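Asker: no sequence for this one, just the structure:
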Ligand SMILES: [Cu+2]
């Protein structure tokens, strides 16, 4: 049903996305597999849940009936999604989408074909054995300082690298930004940038400044915190080139930056997203300032680029805080009991919502879009949206932080804040 659409090429032109060459190398195993046999884990989990709920009363054949119903539903949903994506360009809605995304629906279809059917590839840790990847190194969750000097200069190095983003899955190739020499190798997160409201910000985008950056395609950068002509400032540059522009960060907030090269979904879903904090003039000092970027990962074949078909289908394998599933559960963030904590949170998407919540406290203050909420339990962040929350942890203990969209929590969007003198058996620091 779906493959016919995948195979359509743009009429009268070839698909020219620069990553074509590398994506084309991705295995095309799986052929005409339907969506339900793509990810056996989904069926396993569903099976488990059904068995729990029915408490052993239902026979296996009843479960099979339920599963096949689920399979039909999933097939229908996937079919509709892919049909919509591959629709003929030319209609009003398509034209609008094209203008926004900078590429055609047919290009989408060709890219989907090139990366294979969503979920067809084995991405288990076992399947990734023998592939070299960067050693894990926990990203420092303390918010970086504002750079010195009247003008804030940021050198952004685009780099592409093979890392894990989850203990349980194979290594994957992530596209990232290094910021003023800070690279978070061993995870999939890009470093945050921090300035004060009113600062002039100078950007020096270097697309693959050395062999170690391993960049093989054009990239760009788009700042949501800026007010500039995007066709000039956010221009795409080829590998090996540098592009400079500047802007004044007039509006305070927690903003997204990202690659704006088409297909934008592919570049943002492959890792090219990050946080820029513009601190308001009147920000009071607190005990600790932390940063958390929520980000989805869509794994391609082990060690290879991310899977565009999964992005189109909104089927992330991992949703992580700061680029690695569950890392701050394994390595909790230490805070003092009673100290005021400010967490800057960005939902970098590219496609899922975030319902950021800290278990065991209430946000005294939650600021999104410069609007202040008091006594908030959760902040609601659309893809690209950010904000900050302030709270105290009033008793010694371990306080999980999550997106309260629990299907996403289970994909790795969970961490732990632990007070300095917490009595927590067996928890690592
Ligand atoms: Cu890019």
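Answerer: It's in. Nothing here was measured: the structure is a model prediction, and the numbers come from that model.
Asker: Okay, and the beta partners of residue 363?
Answerer: Going by DSSP bridges, residue 363 is paired in beta bridges with residue 376.
Asker: switch to numbering from 10
Answerer: Got it, the first residue is 10 from now on, which makes the last one we talked about residue 372.
Asker: any idea how far the spatially most central residue of the chain is from the ion?
Answerer: Centroid check for the chain by C-alpha atoms, centre = their mean gives residue 304 as the closest residue, at 2.4 Å. Distance of residue 304 to the ion, given as C-beta to the ion, to the nearest Å: 15 Å. For glycine as for every other residue, the C-beta is placed from the backbone atoms N, C-alpha and C.
Asker: Not counting sequence-adjacent ones, nearest residue to that residue?
Answerer: Using C-beta to C-beta, 6 or more residues apart in numbering and skipping the chain neighbours, the partner closest in space to residue 304 is residue 357 (4.6 Å).
Asker: on that earlier part again, so the residue nearest to the centre of the chain touches residue 198, yeah?
Answerer: Yes - Residue 304 lies in contact with residue 198 (C-beta atoms under 8 Å); the separation is 6.6 Å.
Asker: Common neighbours of the two, please.
Answerer: 329, 332 (C-beta atoms under 8 Å, 6 or more residues apart in numbering).
Asker: hmm, back to that, secondary structure class of the residue nearest to the centre of the chain, three-state.
Answerer: strand (DSSP: H, G, I helix; E, B strand; the rest coil).
Asker: can you pull the contacts of it?
Answerer: 197-198, 280, 282, 328-329, 332, 357-358.
Asker: Listing request: residues of the stretch 160-309 of the chain with sub-threshold pLDDT.
Answerer: Scanning the stretch 160-309 of the chain for pLDDT under 70 picks out nothing.
Asker: So for residue 36, what pLDDT did the model give?
Answerer: Confidence at residue 36, expressed as pLDDT, is 32.
Asker: That should have said residue 129, apologies.
Answerer: In this prediction, residue 129 has a pLDDT value of 74.
Asker: That one: what secondary structure?
Answerer: Going by three-state DSSP: residue 129 is coil.
Asker: That one and residue 185, how far apart?
Answerer: 26 Å (C-beta to C-beta, to the nearest Å).
Asker: what's near enough to touch residue 193?
Answerer: 146, 148, 185, 199-200, 331-332.
Asker: So it: helix, strand or coil?
Answerer: Applying three-state DSSP: residue 193 is coil.
Asker: How much space separates it from the ion?
Answerer: Per C-beta to the ion, residue 193 is found 17 Å from the ion.
Asker: Quickly note the distance from the residue in the stretch 260-409 of the chain that the ion sits nearest to to residue 180.
Answerer: Going by C-beta to the ion, the ion is nearest to residue 268 of the stretch 260-409 of the chain, at 3.1 Å. Using C-beta to C-beta, we find residue 268 at a distance of 21 Å from residue 180.
Asker: again, but for residue 227
Answerer: Using C-beta to C-beta, we find residue 227 at a distance of 24 Å from residue 180.
Asker: How about residue 232?
Answerer: For residue 232, the distance to residue 180 - C-beta to C-beta - is 30 Å.
Asker: Now for the residue in the stretch 110-259 of the chain that the ion sits nearest to: which residues touch it?
Answerer: Going by C-beta to the ion, the ion is nearest to residue 228 of the stretch 110-259 of the chain, at 3.4 Å. Residues near residue 228 by C-beta under 8 Å, 6+ apart: 167, 184, 214, 216, 245-246, 268, 270, 276, 281.
Asker: now for the longest strand seen in the chain, which elements pack on it?
Answerer: Identified as the longest strand of the chain according to DSSP state E is strand 160-172. Applying 3 or more C-beta pairs under 8 Å, 6 or more residues apart in numbering; DSSP states H and E, one finds that strand 160-172 contacts strand 181-188, strand 209-216.
Asker: Which positions in the stretch 160-309 of the chain make contact with the ion?
Answerer: Within the stretch 160-309 of the chain, the positions near the ion by C-beta under 5 Å from the ion are 228, 268, 270, 276, 281.
Asker: repeat that for 6 Å
Answerer: Neighbours of the ion within the stretch 160-309 of the chain, by C-beta under 6 Å from the ion: 184, 228, 268, 270, 276, 281.
Asker: Quick check: the residue of the stretch 260-409 of the chain closest to the ion touching residue 277?
Answerer: Yes - if you go by C-beta under 8 Å, residue 268 and residue 277 touch, sitting 6.5 Å apart.
Asker: re the thing from before, please tell me how far the residue nearest to residue 304 sits from residue 264.
Answerer: 11 Å.
Asker: again with residue 191
Answerer: For residue 191, the distance to residue 264 - C-beta to C-beta - is 18 Å.
Asker: cool, and residue 326?
Answerer: Per C-beta to C-beta, residue 326 is found 26 Å from residue 264.
Asker: who's more crowded, those two?
Answerer: Remark: of residue 326 and residue 264, residue 326 carries more neighbours, 25 against 21, as counted by other C-beta atoms under 10 Å.
Asker: Now do the contacts for the more buried one.
Answerer: Residue 326 neighbours (C-beta under 8 Å, 6+ apart): 132, 175, 178, 306-308, 319, 420.
Asker: 6 Å - rerun?
Answerer: By C-beta atoms under 6 Å, 6 or more residues apart in numbering, residue 326 lies in contact with 306, 308.
Asker: if we can go back for a sec, bridge partners for the residue of the stretch 110-259 of the chain closest to the ion, pull those for me.
Answerer: Assigned bridge partners for residue 228, using DSSP bridges, are residue 246.
Asker: how close does it get to residue 200?
Answerer: Residue 228 is 16 Å from residue 200, where distance means C-beta to C-beta.
Asker: go on, residue 366?
Answerer: In terms of C-beta to C-beta, residue 366 sits 25 Å off from residue 200.
Asker: quick one: which of those two has more around it?
Answerer: residue 200 (24 against 20).
Asker: is it true that the more buried one touches residue 191?
Answerer: Yes - using C-beta atoms under 6 Å, residue 200 makes contact with residue 191 at a distance of 4.2 Å.
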